[in-house]
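Peer 1: Need coordinates for the below:
(2 chains)
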Protein chains: 2
Amino acid sequence: MFFELNKDNGIPLYIQIESRLTHLIHQGILKPLERLPATRELSDQLNVHRNTVVQAYRELEVKGLVFSEIGRGTFVNKYIRPEAHRETFSTLTASAQFAYDGLYSDNWINPEDITMTAIENVVRTCQKPKDVIAFSSVVPDKHIFPLREFQNCTYHTIQKYGVDLLEMGDTQGFRPFLEYLPKFFVRRGMTVHSDDIVIVSGIQQGIDLISRLLLNPGDTVITEELTYRGSLRIFRSLGVNVIGIPTDRDGMRIDLLETILERQKIKMIYTIPTFQNPTGTVMPLERRKQLLELARRYQIPIIEDQYANELRLDGEEVLPLAALDKTGQVIVLGSFSKILFHGIRLGWVVAPNKGFFNKLCYAKRITDWQNNYLIQGAILEFCERGYFDKYLKKKLKILKERRDAMYEASRNYFPEEVFYERACGGLFEWAELPPELNAYELLMETRQRGVLFTPKRFFSAHADEDNGMRLGFVSYEPAKIEEGIRILGEHLKHALAVQSNTIPVSENIAPVI
Amino acid sequence: MFFELNKDNGIPLYIQIESRLTHLIHQGILKPLERLPATRELSDQLNVHRNTVVQAYRELEVKGLVFSEIGRGTFVNKYIRPEAHRETFSTLTASAQFAYDGLYSDNWINPEDITMTAIENVVRTCQKPKDVIAFSSVVPDKHIFPLREFQNCTYHTIQKYGVDLLEMGDTQGFRPFLEYLPKFFVRRGMTVHSDDIVIVSGIQQGIDLISRLLLNPGDTVITEELTYRGSLRIFRSLGVNVIGIPTDRDGMRIDLLETILERQKIKMIYTIPTFQNPTGTVMPLERRKQLLELARRYQIPIIEDQYANELRLDGEEVLPLAALDKTGQVIVLGSFSKILFHGIRLGWVVAPNKGFFNKLCYAKRITDWQNNYLIQGAILEFCERGYFDKYLKKKLKILKERRDAMYEASRNYFPEEVFYERACGGLFEWAELPPELNAYELLMETRQRGVLFTPKRFFSAHADEDNGMRLGFVSYEPAKIEEGIRILGEHLKHALAVQSNTIPVSENIAPVI
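Peer 2: Take a look at the predicted model:
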């Protein structure tokens, strides 16, 4: 086995190693059950630190391509189907393949995105095994969802609307569903007209469409620093600069925002004012007004992400920015992903400005024409029959129990250097670590013991710090939550002790092979 | 009523008038049942030709905003809900609204796209009334689809897979469906590995994702001249130049392609080799090989759009480009839209190059994460139970009858100056008109008699000619087809007679008000 690494291209070395090995396994060059070189051997050969190879092997293990046996080494999994079995595109060496490498557009996938995707793979792939506690997950328990009711809704909506549900319709969305949504928005304190709504495939697509409409390469957008990773990825893919405004317990700091706006041209503000992702903060009414006033003064459109507004667990609802806006400057994003299920890909954009709205419909049309009506019909039925309200009530009750369990466990097990608060809604608790700790390194440790979370850098526009953890409390029962937080607490205490040099670093490295 | 037109911005005047009137109606400034100014009065006031106002009023009528009564004038419809009734964003004058106008990104919606959208509205909006014969439609009869079977498939796939069908899964697609698709592709003569497939929301999204991955603003792509309008819209939105290569009866002319490739850098070739849209041609095997060889020599990826490969009515299947490619240079697009129904938004990209494939998955992920599993599960069930094959057989039989009816009617009613052939598959017949005729003008005439088609310029990258009609034969029974073609034939003969000055032009204008 022989390959070279590129130490200058900014791609982390362990990812380069992992990707080359993946390739060799898929090509069938490394065969099922074949032993990988010992980590020390490969690290000598490649002239990298042994831990780099260890990390690459871990990635492969997470991807299900290899397994390790203590004392014996790391082996290619038995059931990898080598690409060599394929009838087309089969016996090609890499050099005989068409070379796409020089052909990609400028803004796609920078090294940072590769790193973040690697992190995402770590925190997502491991969700399935039973013995893993993935606080990285915000997916609710399967058993609480009224599947049978949903199944009937799907059946009945086809009964009701027939083939029209399957054929091409309006880009804007399925009319009966559009007419229903304004009633739904009343929960959010918003008065919306059905003519201002476009159905999209989740908030992700909403951000993408709006960004493509409003942003040129080189433009600058404002987000909270930290924010939803999916938004950062879109901005990067469009060659757009991102400035993350620091937050405090009340969300985005308006004083700092003002300083930025005075200094430079900003094209768009993307904000999550309620249950901010990942910090969980809720921007108070007064600050919302300030934000609007500032954006009005500088004539900057605001994209308000309302991904989880229904999931309030304590306290009073704060009016959305959109409800305070009287000029059409605020564009709303929302979705059923977090309140029903992620995989249905059903979200909306509310844009009261007709000029913008028409362009948005055009954008949706050239992107994928329209969303499937069948799903819209099924969800409409689900809402109209009252199943949604019933489910939401049940879900909020469970979320509250779990939120409390996590907060209590944090108080019991986290060292006092860690800062966290009881989330007043949403899906996760945010824990801020002392600056000397690194959440990603911690994750690499805790994952050996089956506990996962999402490290701070994953949400960062700047990625210069990594002292925070997003801890989803949705997916596990209180006892599991306590167990996971206990393990996290142990590692946190250990890491702090290592930092203050009471424990030698070497003990901190868990054996992999 | 007072407004000004901008004669320099390239937007057709009739569209400007139509859009201002739409605004006034929606704002409630023009009230339900209020009479619009007489066309001559408004044309004098705006200093435009009366026909421009006539055309604007026609557009409003098509959009359902106004109706005309012969001898009385044109009136606002009764049931327009004025925007003034809205509780938010209501009493605003246009000047108090947030101004988006200077904020859009550079490449969105040029005047040509507005014109094309207007044409599209003409040919789409009118499909519903019973007395209209819309050859612009490629939507099959409702009654031939086995709805009950599909309904059961939806029900049973939920039974089988449960909540997993609704939650977040893999970006690539629903695994059992991905495993099934290679069997489906065998019909197309392709050997595909499930690991090379990404499920997307129709071909439209496939083109969008691939284009965003491969194209920078200023790049140049090749298409057939004429081609699928949706592709041109995407290229424009990305600031990409398009060169349309003229076609003959065997599709894209390779000799002309070669001339272009010698002269300038081309980034991508987008082609529809089978049942080309809109001309219906099938590129023969020999030419496919030449195309591949040429693309290989210049190292240009080929996007092969297989939107309707199953719909062969006569003759032998020709192997797809992808089946001839051994280097991963050809990327395949396909979808169930044309063979099942348009509104399910279920398509695929097949990309055997792993590097490209991974980037494509990333693009899909940041665009909308993944496609809904429920639909994939339902279609899988529909295919596995044999309903798809049964439906396809029935559909092909009906298509054949209708194709024959259209061809026969064309022979009976079209003047001999019109060129057309019996389509060997797909959904439409292409009719080439003598250069002196203009299809859009013809459409404006025939639409008064309830016959619609899609004019040539709609498919053109360059839009300098308009002497062709795409005539869909999917949506009507043979008798209706004959009736529509007869009317078209009359208008064609009339238009030719006008051109050769045997009839004065004035008679050619139908009264509107």
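
Peer 1: burial count for the closest residue to chain B within the stretch 401-513 of chain A?
Peer 2: Nearest residue of the stretch 401-513 of chain A to chain B (Cβ to the nearest Cβ) works out as residue A:475 at 11.0 Å. C-betas here are computed from N, CA, C, even on glycine. Neighbour count for residue A:475, taken as other Cβ atoms under 10 Å in any protein chain shown: 20.

Peer 1: Could you tell me how many residues sit around residue A:173?
Peer 2: Residue A:173: 24 surrounding residues under other Cβ under 10 Å.

Peer 1: ok, the residue nearest to it when sequence neighbours are not counted - contacts?
Peer 2: Once flanking residues are discounted, residue A:173 sits nearest to residue A:199: 3.3 Å by Cβ to Cβ, 6 or more residues apart in numbering or on different chains. Residues near residue A:199 by Cβ atoms under 8 Å, 6 or more residues apart in numbering or on different chains: A:172, A:173, A:174, A:177, A:178, A:346, A:347, A:348, A:370, A:371, A:376.

Peer 1: the strands in the stretch 401-513 of chain A, which residues?
Peer 2: Ranges of strands in the stretch 401-513 of chain A, per DSSP state E, counting those that start in this stretch, are A:419-420, A:428-432, A:451-452, A:454-455, A:468-472.

Peer 1: which parts of stretch A:272-286 are buried?
Peer 2: Neighbour-count burial for stretch A:272-286 flags A:272, A:273, A:274, A:275, A:276, A:277, A:278, A:279, A:280, A:281, A:282, A:283 (criterion: 16 or more other Cβ atoms under 10 Å in any protein chain shown).

Peer 1: Can you tell me which of those residues is closest to chain B?
Peer 2: For the buried residues of stretch A:272-286, the nearest to chain B is residue A:277 (15.1 Å; Cβ to the nearest Cβ).

Peer 1: about what we covered before: beta partners of the residue nearest to residue A:173?
Peer 2: residue A:348 (DSSP bridges).

Peer 1: how near is it to residue A:337?
Peer 2: According to Cβ to Cβ, to the nearest Å, residue A:199 stands 13 Å off from residue A:337.

Peer 1: Quickly list what's touching both of the two.
Peer 2: Common contacts of residue A:199 and residue A:337 (Cβ under 8 Å, 6+ apart): A:346, A:347.

Peer 1: count of neighbours near the nearest residue to residue A:466 once chain neighbours are set aside?
Peer 2: Nearest non-adjacent residue to residue A:466, counting by Cβ to Cβ, 6+ apart: residue A:457, 4.4 Å away. Residues near residue A:457, counting by other Cβ under 10 Å, number 22.

Peer 1: residues touching residue A:457, list them.
Peer 2: By Cβ under 8 Å, 6+ apart, the contact list for residue A:457 reads A:116, A:119, A:439, A:440, A:463, A:465, A:466.

Peer 1: wait, residue A:403 sits on residue A:410?
Peer 2: No: using Cβ atoms under 8 Å, residue A:403 and residue A:410 do not qualify as a contacting pair, with a distance of 10.7 Å.

Peer 1: Please identify which of these two sits among more neighbours.
Peer 2: Neighbour count, other Cβ under 10 Å: between residue A:403 and residue A:410, residue A:403 has more, with 26 against 21.

Peer 1: what residues are up against the more buried one?
Peer 2: Counting by Cβ under 8 Å, 6+ apart, the residues that residue A:403 touches are A:313, A:422, A:423, A:429, A:473.

Peer 1: can you redo these as CSV with neighbour count, distance to chain B and pLDDT?
Peer 2: Supplementary listing: the contacts of residue A:403 in CSV, determined by neighbours: other Cβ atoms under 10 Å in any protein chain shown; distance: Cβ to the nearest Cβ, whole Å; pLDDT from 0 to 100:
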residue, neighbour count, distance to chain B, pLDDT
A:313, 18, 22, 96
A:422, 15, 27, 95
A:423, 25, 21, 96
A:429, 27, 21, 98
A:473, 28, 17, 96
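
Peer 1: May I see the buried residues of the top helix by length along chain A?
Peer 2: Of all segments of type helix in chain A, defined using DSSP state H, the longest is helix A:387-413. For helix A:387-413, burial by neighbour count (16+ other Cβ under 10 Å) applies to A:387-388, A:391, A:395-396, A:398-399, A:402-407, A:409-410, A:413.

Peer 1: Grab the nearest non-local neighbour of residue A:219.
Peer 2: Once flanking residues are discounted, residue A:219 sits nearest to residue A:267: 4.2 Å by Cβ to Cβ, 6+ apart.

Peer 1: hmm, who's touching the longest strand anywhere in chain A?
Peer 2: Across chain A, the longest stretch assigned as strand under DSSP state E is strand A:241-248. With contacts defined as Cβ under 8 Å, 6+ apart, strand A:241-248 is touched by A:218-227, A:232, A:235-236, A:252-253, A:256-257, A:260, A:266, A:276, A:279, A:281, A:460-462.

Peer 1: let's go with 7 Å and repeat that
Peer 2: Residues outside strand A:241-248 that contact it (Cβ atoms under 7 Å, 6 or more residues apart in numbering or on different chains) are A:220-227, A:232, A:235, A:252-253, A:256-257, A:260, A:276, A:279, A:281, A:460-462.

Peer 1: got it, and stretch A:408-425?
Peer 2: The contact list for stretch A:408-425, computed with Cβ under 7 Å, 6+ apart, reads A:275, A:280, A:282, A:311-315, A:403, A:407, A:429-434, A:481-482, A:485-486, A:489, A:492-493, A:496.

Peer 1: Quick check: ChimeraX command selecting the buried ones in those.
Peer 2: Buried members of the contacts of stretch A:408-425, defined by 16+ other Cβ under 10 Å, are picked up in ChimeraX with:
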select /A:275,280,282,311,312,313,403,407,429,430,431,432,433,481,482,485,489,492,496
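
Peer 1: domains for chain A, by residue range?
Peer 2: Domain assignment for chain A by automatic domain parsing gives A:13-101, A:113-141+A:391-508, A:147-387.

Peer 1: what pLDDT, on average, does the next helix or strand after the longest strand of chain A get?
Peer 2: Using DSSP states H and E, the helix or strand that follows strand A:241-248 in sequence is strand A:251-252. Strand A:251-252 carries an average pLDDT of 97.

Peer 1: helices and strands around strand A:251-252, which ones?
Peer 2: Helices and strands touching strand A:251-252, by 3 or more Cβ pairs under 7 Å, 6 or more residues apart in numbering or on different chains; DSSP states H and E: there are none.

Peer 1: try 8 Å this time
Peer 2: Strand A:251-252 is packed against helix A:285-298, with contacts defined by 3 or more Cβ pairs under 8 Å, 6 or more residues apart in numbering or on different chains; DSSP states H and E.
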